[in-house]
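Novice: Next one to model:
(one chain, ligands or ions: 1)
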Amino acid sequence: MEYSIELHPWDLAEEGVEQTLATVVGLGARCMSLTASWPGRAVLRPRAAAQRMYFPERAAVYFRPEESRWKDSPLKPFPSELVMIEDYFETLPLRAQREGLSVEARVVFLPYVPPPGAPPKRLMPGQAKPFPVEKLYVRNAFGDRLPGYLCPAHEEVRRYFIDLVSDVTRHAVSSVALESFGYPLFDFGSMPGSAVLAAAPAAQFLMGVCFCESCTARGEAMHIDISPLAWRVRNFLERVLSGEGAPVPPLTESPDGLGEIDELLPAYLRLRNDIVGTLVRDLRAALRKDVRVVSVPGSRFPAAQAWREGGEVARLAAGSNVIRLQGNTPDTGALVLDITRARERAGGRAGIGLKLSPGPPHAPTYETFAEKVAVARDLGLESLAFSGLGELAHAHLKWIARAAEGGP
Ligand SMILES: [Zn+2]
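Specialist: You can find the predicted model right below:
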């Protein structure tokens with residue numbers, strides 16, 4: 001079983017390449033999963049010598065995009081300022097190879113933010129109108145757009161995703177890890193005003209389900225009459241939002257449970273697995289053969305929940321070499337069950353890997369962490385990825401080396 005560890009370019013910039021490589025080798029890892037695209041979430045760096053908190057640019061990429069590729073594209077990657085100093089995708093793979101390490105490009109796809117440089121307010125004669133990016137964002141049953149959350153049903157979004165991943169794999173990377181590339185699982189729970197949805201997970205989920213032009217067209221091509229379906233979903237949500245205690249079906253392991261809202265809703269939701277599954281398959285076909293595709297579902301229990309993001313494991317397996325599951329649950333029994341089922345659904349087409357973070361809240365003691373590592377080993381998983389090198393406390397970093405050696 002191969003071990004890999006996630007790594008951000010800002011950690012490399014501060015720690016230096018030599019020191020970082022020595023740390024990674026000391027952990028027993030064979031692969032570094034280097035951030036190629038990051039949503040902009042701020043990061044706390046417990047061991048940092050200088051900057052303990054890092055606030056990355058929103059939705060930036062950490063490699064120099066190939067200019068000719070993006071000239072006529074309506075969506076364009078926005079390179080971080082860090083890339084102006086050094087593009088680690090150019091320099092790191094060769095240096096890492098000498099230490100027996102490979103480099104993976106970690107692409108956290110959404111959200112998208114148009115590169116800075118506001119479009120002109122008044123167009124000059126002959127000047128093309130700026131592309132209306134907001135038309136590509138997820139639009140829910142009420143018509144609300146979720147800014148930055150590109151819907152994967154649009155051709156422009158699919159092209160952009162494939163071009164972005166192809167661009168970074170020009171470099172000598174051995175694999176790409178894909179995150180948040182399907183339908184976004186938008187967290188409404190933390191939004192002020194969302195208390196009325198707190199006890200209704202199905203309603204929270206449906207608040208983010210897309211009914212944009214492209215999803216509608218794809219649904220209608222499958223003979224699903226979208227207009228009455230969207231009307232019933234809206235109606236259901238309005239009853240929940242009224243706070244009058246409307247009955248809410250449970251959010252189960254398949255979309256079938258939502259059939260009581262509208263009998264065509266399960267088929268519409270299943271269609272999203274086709275849209276996302278074929279996106280990964282098309283990406284696979286576009287990439288160099290020797291680059292491995294690692295799909296990382298956002299759901300905590302992908303075998304049971306990933307249909308919500310259109311990432312049903314069986315469909316992802318058709319275009320992926322590895323499905324990397326989230327191991328972030330304190331319940332090892334539930335984790336084993338999900339691994340077993342994910343493996344059944346992948347049906348041997350893709351290997352199963354696991355992503356783990358040492359330390360609280362999901363592995364509060366070394367024993368709980370070592371137990372999960374042992375599970376991965378005993379079940380013969382393909383690989384184990386550990387969360388961000390720069391995000392780990394010193395004590396938890398030591399756990400990785402100890403567990404990787406099979407220490408008690
Ligand atoms: Zn859509």
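Novice: next structured bit after the helix or strand residue 384 falls within?
Specialist: Using DSSP states H and E, residue 384 sits in strand 383-386. Counting by DSSP H and E, the next helix or strand C-terminal to strand 383-386 is helix 394-404.
Novice: gap between that following helix and the chain center?
Specialist: Its chain's C-alpha centre and that of helix 394-404 lie 25 Å apart, by C-alpha atoms, centre = their mean, to the nearest Å.
Novice: hang on, the earlier thing: for the strand holding residue 384, which helices and strands make contact with it?
Specialist: If you count contacts as 3 or more C-beta pairs under 8 Å, 6 or more residues apart in numbering; DSSP states H and E, strand 383-386 packs onto strand 2-7, strand 322-326, strand 351-356. Heads up, the C-betas are built off the backbone N, CA and C, glycines and all.
Novice: List the residues that contact the closest residue in space to residue 284 that isn't next to it in sequence.
Specialist: Leaving aside its chain neighbours, residue 284 sits nearest to residue 319 (4.2 Å; criterion: C-beta to C-beta, 6 or more residues apart in numbering). Neighbour list for residue 319: 277-284, 293, 295 [criterion: C-beta atoms under 8 Å, 6 or more residues apart in numbering].
Novice: how close does residue 99 get to residue 12?
Specialist: Residue 99 sits at a distance of 14 Å from residue 12 (criterion: C-beta to C-beta, to the nearest Å).
Novice: And the residue of the stretch 251-400 of the chain found nearest the ion, its phi and psi?
Specialist: Closest to the ion within the stretch 251-400 of the chain is residue 275: 8.3 Å, counting by C-beta to the ion. Phi and psi for residue 275, reported as degrees, to the nearest 10, are phi -60, psi -40.
Novice: Okay, the closest residue to it other than its chain neighbours and the ion: tell me how far apart.
Specialist: Ranked by C-beta to C-beta, 6+ apart and with sequence neighbours excluded, the top spatial neighbour of residue 275 is residue 153, at 5.2 Å. In this view, residue 153 and the ion are 4 Å apart by C-beta to the ion, to the nearest Å.
Novice: now residue 153, what's its secondary structure?
Specialist: With DSSP: H, G, I helix; E, B strand; the rest coil as the basis, residue 153 sits in coil.
Novice: most surrounded residue in the contacts of residue 319?
Specialist: Among these, residue 295 has the most neighbours (other C-beta atoms under 10 Å), with 31 neighbours.
Novice: Could you check the pLDDT of that residue?
Specialist: The model reports residue 295 with a pLDDT of 97.
Novice: Which helix or strand contains the closest residue to it other than its chain neighbours?
Specialist: Leaving out its chain neighbours, the residue that sits closest to residue 295 by C-beta to C-beta, 6+ apart is residue 320, at 4.2 Å. In the assignment (DSSP H and E), residue 320 maps to no helix and no strand.
Novice: ok, residue 320 touching residue 277?
Specialist: No. Applying C-beta atoms under 8 Å as the test, residue 320 and residue 277 come out as separate, 9.7 Å apart.
Novice: Please identify the deepest-packed of the helices and strands packed on strand 383-386.
Specialist: Of those, the one with the most neighbours on average (mean count of other C-beta atoms under 10 Å) is strand 322-326, at a mean of 25.
Novice: so how far is the ion from the closest residue to residue 145 other than its chain neighbours?
Specialist: Closest residue in space to residue 145, ignoring its immediate chain neighbours: residue 137 at 4.5 Å, by C-beta to C-beta, 6+ apart. For residue 137, the distance to the ion (C-beta to the ion) stands at 9 Å.
Novice: Now do the same contact list for residue 137.
Specialist: Counting by C-beta under 8 Å, 6+ apart, residue 137 touches 145-151, 212.
Novice: and if we set it to 6 Å?
Specialist: Applying C-beta atoms under 6 Å, 6 or more residues apart in numbering to residue 137 gives the contacts 145-147, 149.
Novice: Kindly report the same for residue 12.
Specialist: Contacts of residue 12 (C-beta under 6 Å, 6+ apart): 20, 88.
Novice: mind checking pLDDT for it?
Specialist: pLDDT at residue 12 comes out at 96.
Novice: That one: which element?
Specialist: Following DSSP H and E, the helix or strand that holds residue 12 is helix 9-15.
Novice: okay, the angle between the helix or strand that comes right after that helix and helix 394-404?
Specialist: Downstream of helix 9-15, the first helix or strand assigned by DSSP H and E is helix 17-27. Relative orientation of helix 17-27 versus helix 394-404 (axes from the mean of the first three to the mean of the last three C-alpha atoms, to 10 degrees): 50 degrees.
Novice: now the strands: where do they sit in the stretch 51-200 of the chain?
Specialist: Listed from the start of the chain, the stretch 51-200 of the chain has strands (DSSP state E, counting those that start in this stretch) covering 53-54, 60-61, 102-108, 137-139, 145-150, 175-179.
Novice: Dump those strands to a markdown table, plus mean pLDDT and distance to residue 271.
Specialist: Listed next are the strands of the stretch 51-200 of the chain as a markdown table, based on pLDDT from 0 to 100; distance: least, C-beta to C-beta, whole Å:
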| stretch | mean pLDDT | distance to residue 271 |
| --- | --- | --- |
| strand 53-54 | 96 | 39 |
| strand 60-61 | 96 | 30 |
| strand 102-108 | 98 | 24 |
| strand 137-139 | 97 | 15 |
| strand 145-150 | 95 | 18 |
| strand 175-179 | 98 | 20 |
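Novice: which one of the ones you listed lies closest to residue 269?
Specialist: Closest to residue 269 of the strands of the stretch 51-200 of the chain, according to C-beta to C-beta: strand 137-139, at 14.0 Å.
Novice: Would you mind naming what in this protein lies close to the ion?
Specialist: Within reach of the ion by C-beta under 5 Å from the ion, the chain has these residues: 151, 153, 210, 212, 215.
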